[in-house]
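Chemist: I would like the atomic coordinates for the input below:
(chains A and B)
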Protein chains: 2
Amino acid sequence: MASEAENANQAPDEESIISDFFVPLARDWPGAYGLADDCATIAVAPGHELVIKTDPIRAGVHFFSDDSPADIAWKALAVNVSDLASKAARPVAYTLAISFPEQPSRSWLGDFTAGLSEAQEHFGCGLIGGDTDHATGPMSLAITVLGEVPIGKMVRRVTPSVGDRIFVSGTLGDAALGLRIRANMVDGKKPEQMTDHESLLVDRYLRPKPYLELRSALRAYATAAMDLSDGLGKDLGRMCRASGTGAAVYEPDIPLSDAFMAVAPESLEERRSLISSGDDYEVLCTVRADNVANFVALAASGGVVVTEIGIVRTEPGVTIIDKAGEAQDWAGRGYDHFS
Amino acid sequence: MASEAENANQAPDEESIISDFFVPLARDWPGAYGLADDCATIAVAPGHELVIKTDPIRAGVHFFSDDSPADIAWKALAVNVSDLASKAARPVAYTLAISFPEQPSRSWLGDFTAGLSEAQEHFGCGLIGGDTDHATGPMSLAITVLGEVPIGKMVRRVTPSVGDRIFVSGTLGDAALGLRIRANMVDGKKPEQMTDHESLLVDRYLRPKPYLELRSALRAYATAAMDLSDGLGKDLGRMCRASGTGAAVYEPDIPLSDAFMAVAPESLEERRSLISSGDDYEVLCTVRADNVANFVALAASGGVVVTEIGIVRTEPGVTIIDKAGEAQDWAGRGYDHFS
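Modeler: Numbering: from 1, shown residues only, chains lettered A, B, ... in the order given. Below is the predicted model of the structure:
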């Protein structure tokens, strides 16, 4: 019998990939049947309904193929949990379909599933099924996540009303800046040469941490919510367009982290570009003006900082107003998968 | 404004791909919110639980990139519905994540969504969410399908008992033979040059039609069930191994279609290879000996022919017994994504 070390770089077959690496991630969910069945079952708690989201990520688009396997795994789950978090849903289970461009080694799989294990524990959900296969092209990971809400209590995206205040959780632009740092790192700085601020920004890019703690505040007070994945202007534009409203955002109120302030280029133009680049995985939501104080307080009691950045209005489109009171036109920027 | 014809070859952007082509597929499911939200909701009928399956397909592995877009769409949904059918679940909804190697034209998308519409109507489920993006490599389609069963009534895979009779629905080997015909077609016969038998076999490859009508017979009498996707020997081996049993299959009883008999090469070796190649999407199940007649009758009342092909036994492994009573060793063949 070969030693563990000798085996680490071996490529296991499809069945041992599942049994050795993925089955342990399914042990806490009875309806996963130890991944030994063709399907999984989910019994929904009485008075609840399921909330479902599919958001795949791909090497070269959402992560670098040489990112740590644990980080790739974290991000694959986090971007899906982020949607549930913004809808005030509690994650319960997920499926994972991975396509590998080449057979992964035992060592890669071990790191990957360790990251996935860490993420599912953090988010409180379990693996219940999936598929692994082998295709040319970039590695891709398609997760479908399932969550629970009391029936009719999912916070919708298209339901803001004129006069509602616009909020975001956390800070914006960090992940976009982290991506830039990470991209230069390839032939530039090594992780151990990064400053604390730079490390934090790269971590914001690699390991989004959706605020599930915001659930009760959203359920109680949000009139509409979504997660920020394609950039503030673009995502806010979608929220408003679908409801026949528009938005004014006051630029100086957009929350930025100390790390962002310290590391981002001085140029306002470049900062705007970072803030609208996407990958934030923060919650964007609207709250009736008379509920603002309660919303902020309930969010804070869950440990989440939310910041009011603007107002929903009748005039269509998203207008960003700078500190001089001038309307700026950078709202439309953002990430388009086909641009 | 350009005419429809002028627009047919244009590549639409991400938002119009969704609004023009996918939103119509979501109109019958209120919890899809017209695909205008980030997540969908599913309210499960009282006394029921959800059954879930993710099975992606990729160009070059599960279909040819020049297959008709409508056929690709059908197959993407059918291979997932096939799992539900074998578990006695009723499909209700699905999500679809597509990755395109290049921007699809309006004409390609129109054909694709027409095929998907046909398939979802045939199978009785609706689109509730998904994602489109753009990546190098082969086109891939990851569907997650959700179905409903009375709580605890999903037919499991790993639960056959010694003495149970082994059944398959329909006929085996057709799709594998259809694939061969389809593969030669690239620089060989055009569709209009194919015989009726050849067309039927190619259709079996392109458009699997899982027998949802088998649901009540499976629920009433099957002790275990799964769908045949990787080949009889391989899939039966999985079913038995997991339950600590084995199987004997009597080769002359394996059901073959007239088309298969007419078109397949004479060589027994080649026929065995086709029968064990996979892509059948038929149901494999086990039934207690004293329920065999009832099972066959109830299946027939739903219009489905099921055939007894063998018996579950204590001796591990799958043995195929030929017409001379000799054990053959082709049971282990089948499709492995990493071989």
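Chemist: where does the residue of the stretch 151-300 of chain A found nearest chain B land on pLDDT?
Modeler: Shortest the stretch 151-300 of chain A-to-chain B distance, computed as C-beta to the nearest C-beta: residue-wise this is A:R157, at 4.5 Å. In short, each C-beta sits where N, CA and C put it, glycine included. At A:R157 the predicted local confidence, pLDDT, stands at 95.
Chemist: That one contacts B:G34, doesn't it?
Modeler: No - counting by C-beta atoms under 8 Å, A:R157 does not reach B:G34; the two are 10.9 Å apart.
Chemist: With neighbour numbers in mind, choose between those two.
Modeler: The residue with the greater number of neighbours, taking A:R157 and B:G34 and applying other C-beta atoms under 10 Å in any protein chain shown, is A:R157; the counts read 25 against 15.
Chemist: what ranges do the strands span in the stretch 51-200 of chain A?
Modeler: Under the criterion DSSP state E, counting those that start in this stretch, the stretch 51-200 of chain A contains strands at A:57-58, A:90-100, A:126-134, A:140-150, A:165-169.
Chemist: what about the last one, near chain B?
Modeler: Just to be clear, that refers to strand A:165-169. No - contact between strand A:165-169 and chain B is absent, the nearest approach being 15.0 Å (criterion: C-beta under 8 Å from any C-beta of the partner chain).
Chemist: What is that strand packed up against?
Modeler: Packed against strand A:165-169, as judged by 3 or more C-beta pairs under 8 Å, 6 or more residues apart in numbering or on different chains; DSSP states H and E, are the following elements: strand A:283-287, helix A:292-301, strand A:306-313.
Chemist: Tell me, how many residues neighbour A:L172?
Modeler: 26.
Chemist: ok, now which ones touch it?
Modeler: Applying C-beta atoms under 8 Å, 6 or more residues apart in numbering or on different chains to A:L172 gives the contacts A:L228, A:L232, A:I254, A:P255, A:L256, A:I275, A:D280, A:E282.
Chemist: Now a PyMOL select for only the buried ones of these.
Modeler: A single PyMOL command is used to select the members of the contacts of A:L172 judged buried by 16 or more other C-beta atoms under 10 Å in any protein chain shown:
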select buried, chain A and resi 228+232+254+255+256+275+280+282
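Chemist: How much space separates the closest residue to chain B within the stretch 1-150 of chain A from A:D235?
Modeler: Each residue of the stretch 1-150 of chain A has a distance to chain B, by C-beta to the nearest C-beta, and the smallest belongs to A:G137, at 1.3 Å. Note on A:G137: its distance to A:D235, by C-beta to C-beta, to the nearest Å, is 28 Å.
Chemist: again, but for A:R313
Modeler: 17 Å.
Chemist: same check, this time on A:N184
Modeler: 27 Å.
Chemist: Have a look at these two and say which one is more surrounded.
Modeler: Relative neighbour count places A:D235 above the other of A:N184 and A:D235, with 24 against 10, counting by other C-beta under 10 Å.
Chemist: So the more buried one is in contact with A:L228, correct?
Modeler: Yes - A contact is recorded between A:D235 and A:L228 when judged using C-beta under 8 Å, the distance being 5.3 Å.
Chemist: list residues touching both of those two?
Modeler: Overlap of the contact sets of A:D235 and A:L228 (by C-beta under 8 Å, 6+ apart) consists of A:G278, A:L284.
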